[in-house]
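Participant: give me the fold of what follows.
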Amino acid sequence: MDTLQNMRAFSCVAEAGSFTAAAAMLDTTTANVSRAVSNLEAHLQTRLLNRTTRRIALTEAGKRYLLRCEQILAYVEEAEAEASDAHSRPAGQLKVHTMTGIGHHFVIDAIARYRKTHPDVTFDLTLANRVPDLLNEGYDISIVLATELPDSGFVSQRLGITYSIVCASPDYVKANGKALKPSDLLNHACLRLVSPVIALDKWVFEGPEGQEMVLINSSPFLVNSADAMRNAIISGMGVGVLPLYSAIEGLRNGTLVRILPQYRSQELNLYAIYPSRQYLDAKIKTWVEFLRGTLPEILTAHQVELATYS
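Facilitator: Numbers count the residues shown, from 1 in each chain. Here you go, the predicted model:
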């Protein structure tokens, strides 16, 4: 039995004063309305309406029940309106996950700019270097770096491409010289970035001779944050592989020097992942569209600028 629909029929009969008029309001037949009210009474085991051939009247129980029905139906209409509005107007809270470096360098600034045009959207942002379980952890969207994504059944949008480069400080280069080819890195102090998307001990490069790999067996320093790695490199601890977005400022101000300018790491895709394409909430849709309209341009600009430091 559809209790909610039966409640609507009962309320319409009470408002209209007849089954026929209620049927017209609900765009159905008089028989359907009569059956709905009878089913409701049978379910409640209480008479709600006194019926005669000329008129109907609410019983005492019917009056009390009508008041509750009107409250419940009003709440349902309000909930339906909010849900429908969520599909058409960006509003409410977005729970977003992003990898730490991407969050610091791109996402927080993007949130600030997005909210200038969508002030009714608020953000709950988590920075963590992993790919979360969107459904179990309740995230609306995750922004991650990966060579490719596993088949999860989720929707993904590619936001751009980036890669990493080898860097050192000017003082380190002055004291230890530059590596000229990837295998020369074995003669240097290699600082290792712990990453969920790049193997810890295998540095894979794309260069003039194609793909080359260097196996780093030991390191004086391991860290799980690209920005922390950048600081360690700037301090002269050794050479390290940095994401371009983390290295670019150091290249600009001269605190970093690019090593092996003809080589770069394997390209990584930047993805936005969210649970479903159907009935997509307006705040998720507009947020993804905003990222797609801004991040590729920034990532491309970094790559163009990098050529000036080679």
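
Participant: the helices in the protein, which residues?
Facilitator: Counting by DSSP state H, the chain has helices at residues 3-16, 19-26, 30-44, 60-88, 100-102, 108-117, 134-137, 170-176, 226-234, 244-253, 282-306.

Participant: weakest of those helices by average pLDDT?
Facilitator: Among the helices of the chain, helix 60-88 carries the lowest mean pLDDT, at a mean of 78.

Participant: show me what counts as buried in that helix.
Facilitator: Neighbour-count burial for helix 60-88, counted by 16 or more other CB atoms under 10 Å, picks out 62, 65-66, 69, 86. C-beta: built from backbone N, CA, C; applies to glycine.

Participant: report the two of the residues you listed separated the most.
Facilitator: 62 and 86 (35.6 Å; CB to CB).

Participant: quick check: residue 215 touching residue 204?
Facilitator: No. The pair residue 215 / residue 204 is not scored as a contact, 10.2 Å apart, by CB atoms under 8 Å.

Participant: one step back: and which of the buried residues of helix 60-88 is nearest residue 274?
Facilitator: residue 86 (14.3 Å).

Participant: can you get me a residue count around the residue lying closest to residue 276 once chain neighbours are set aside?
Facilitator: The shortest distance from residue 276 to any non-neighbouring residue, by CB to CB, 6 or more residues apart in numbering, is to residue 155 (6.5 Å). Other residues near residue 155 number 16, with proximity taken as other CB atoms under 10 Å.

Participant: what does residue 209 give?
Facilitator: 11.

Participant: list the residues that contact residue 219.
Facilitator: Contact analysis of residue 219 by CB atoms under 8 Å, 6 or more residues apart in numbering lists 189-192, 238.

Participant: got it, and residue 290?
Facilitator: So residue 290 contacts 110, 113-114 (CB under 8 Å, 6+ apart).

Participant: who wins on neighbours among those residues?
Facilitator: Going by other CB under 10 Å, residue 114 tops the contacts of residue 290 with 22 neighbours.

Participant: if any of the contacts of residue 219 are buried, give me the ChimeraX selection for them.
Facilitator: A single ChimeraX command selects the buried members of the contacts of residue 219 (16+ other CB under 10 Å):
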select :189,190,191,192,238
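
Participant: follow-up on the earlier one: contacting residues for the residue nearest to residue 276?
Facilitator: Contacts of residue 155 (CB under 8 Å, 6+ apart): 273-277.

Participant: ok, now residue 114?
Facilitator: By CB under 8 Å, 6+ apart, the neighbours of residue 114 are 121, 286-287, 290.

Participant: export the residues you listed to CSV and tack on distance to residue 231?
Facilitator: Listed next are those as CSV, based on distance: CB to CB, whole Å:
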residue, distance to residue 231
121, 33
286, 36
287, 31
290, 30
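
Participant: which one of those is nearest to residue 24?
Facilitator: Looking across those and measuring by CB to CB, the closest to residue 24 is residue 286, at 40.6 Å.

Participant: which pLDDT does the model give the closest residue in space to that closest one that isn't next to it in sequence?
Facilitator: Nearest residue to residue 286, sequence neighbours excluded (CB to CB, 6+ apart): residue 90, at 4.8 Å. Looking at residue 90, its pLDDT stands at 84.

Participant: pretty sure residue 90 contacts residue 120?
Facilitator: Yes. The pair residue 90 and residue 120 passes the contact test of CB under 8 Å, sitting 6.5 Å apart.

Participant: more neighbours, those two?
Facilitator: residue 90 (22 against 10).

Participant: out of the contacts of residue 114, which is most surrounded?
Facilitator: residue 287 (25 neighbours).

Participant: ok, that one to residue 136 distance?
Facilitator: Residue 287 sits 21 Å away from residue 136, going by CB to CB, to the nearest Å.
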